[in-house]
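**Q** Requesting a structural model of the entry that follows:
(chains A and B)
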Amino acid sequence: MARRALEPVLWLLFSAGGVASALFVPILVLMFGLAFPLGWLSPPSHEHLYGVLRHPLTRLVLFGVFTLSLIHGAHRFRFTLYDGLQIKHLNELINLFCYGGAIVLSIWAGYLLWRMP
Amino acid sequence: MSERTAYTEYHPRWLRRRPSTYWWLERRAYLSFITRELSSIFIAWFVVYLLLLIRAVSRGDASYQQFLAWSRHPVVMVLNVVTLFFVAFHAFTWFNLAPKAMVVHVGRKRLPASLISLSNYGAWVVVTAFVLWLLLGG
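**A** Numbers count the residues shown, from 1 in each chain, chains lettered A, B, ... in the order given. Coordinates of the predicted model:
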């Protein structure tokens, strides 16, 4: 029963993560994945980026976006494996891998953002 | 439907054909479904990428420059171009679907779907502009 009760929470976090990642991730990919490496725009100086990242609000928002996006990704990937590859018999293992991965990466995100000097 | 079905002697197995593993290639709608599903991997990848960036920035300028050099590596660049495609696909389909998930009433009238989509796209524009301002200006 505990698992049943967890499902709606997971779907809620999935939606929240879907919104967060849709709002924040595309521009960040465009900038840090393409525009800066290709030299379309010059990347921000270390000093500037460090200043932006050090602000408590930036760190809080980033932590929220990262955590929710990871849970969103884990939840969706779980069903990709479930429906796409039809490996339903490995359900427990898939859940452990997906949500476990999201939790481990979230903890890493929290650690990196928290202890930023 | 329960996950494990126990069959008895008197309960015949359902005649249910297992769909092909490649069922998602059969129709466009299925293909766009699986594309959206696969976006999850690329979102996870980019979160890791950003975490590596943050780690590099907090270690100092030399690490940051090292990260920028790594981000110019062809393999990383190709991966990020693919990521951009999947992430944009996720964003567009997500905002288009929003009116179906959010039913907003004002008084006794239901707000039209286009208004809800538009407000989502508006939020996207605002967030994008704000991130750009933080990174490039300010």
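
**Q** Low-confidence bits of chain A, can you list those?
**A** For chain A, the stretches with pLDDT under 70 are A:1-3, A:84, A:86, A:88.

**Q** go again using 50 as the cut-off
**A** Segments of chain A classed as low confidence (criterion: pLDDT under 50) are A:1.

**Q** and the longest helix for it?
**A** Across chain A, the longest stretch assigned as helix under DSSP state H is helix A:2-28.

**Q** and if you look at chain B?
**A** From DSSP H, the single longest helix across chain B is helix B:28-59.

**Q** now that helix, how far from the centre of its chain.
**A** The chain centroid and the centroid of helix B:28-59 are separated by 8 Å, computed with CA atoms, centre = their mean, to the nearest Å.

**Q** buried stuff in that helix?
**A** Buried positions in helix B:28-59, judged by neighbour count with 16 or more other CB atoms under 10 Å in any protein chain shown: B:33-34, B:36-40, B:42-47, B:49-51, B:53-58. Every C-beta, even on glycine, is put in place using the N, C-alpha and C of the backbone.

**Q** hmm, it in reach of chain A?
**A** Yes: Helix B:28-59 comes into contact with chain A (CB under 8 Å from any CB of the partner chain), by way of B:34, B:37-41, B:43-44, B:46-51, B:53-55, B:57-58.

**Q** need the contact list for residue B:107.
**A** By CB atoms under 8 Å, 6 or more residues apart in numbering or on different chains, residue B:107 lies in contact with nothing.

**Q** quick one: it and chain A, what's the gap?
**A** Residue B:107 sits 26 Å away from chain A, going by CB to the nearest CB, to the nearest Å.

**Q** May I have the phi/psi pair for residue B:105?
**A** Phi and psi for residue B:105, reported as degrees, to the nearest 10, are phi -110, psi 140.

**Q** same deal with the one 4 residues further on?
**A** Summarising the backbone geometry of residue B:109 under the convention degrees, to the nearest 10, its torsions are phi -100, psi 140.

**Q** Number of residues surrounding it?
**A** Residues lying near residue B:109 (other CB atoms under 10 Å in any protein chain shown) number 8.

**Q** next one: residue A:59
**A** Residues near residue A:59, counting by other CB under 10 Å, number 18.

**Q** mind listing what the spatially closest residue to it that is not a sequence neighbour touches?
**A** In this structure, residue A:59 finds its nearest non-sequential neighbour in residue A:113, 4.5 Å apart by CB to CB, 6 or more residues apart in numbering or on different chains. Residues counted as contacts of residue A:113 (CB under 8 Å, 6+ apart) are A:59, A:62-63, B:54.

**Q** Thanks again, I'm all set now.
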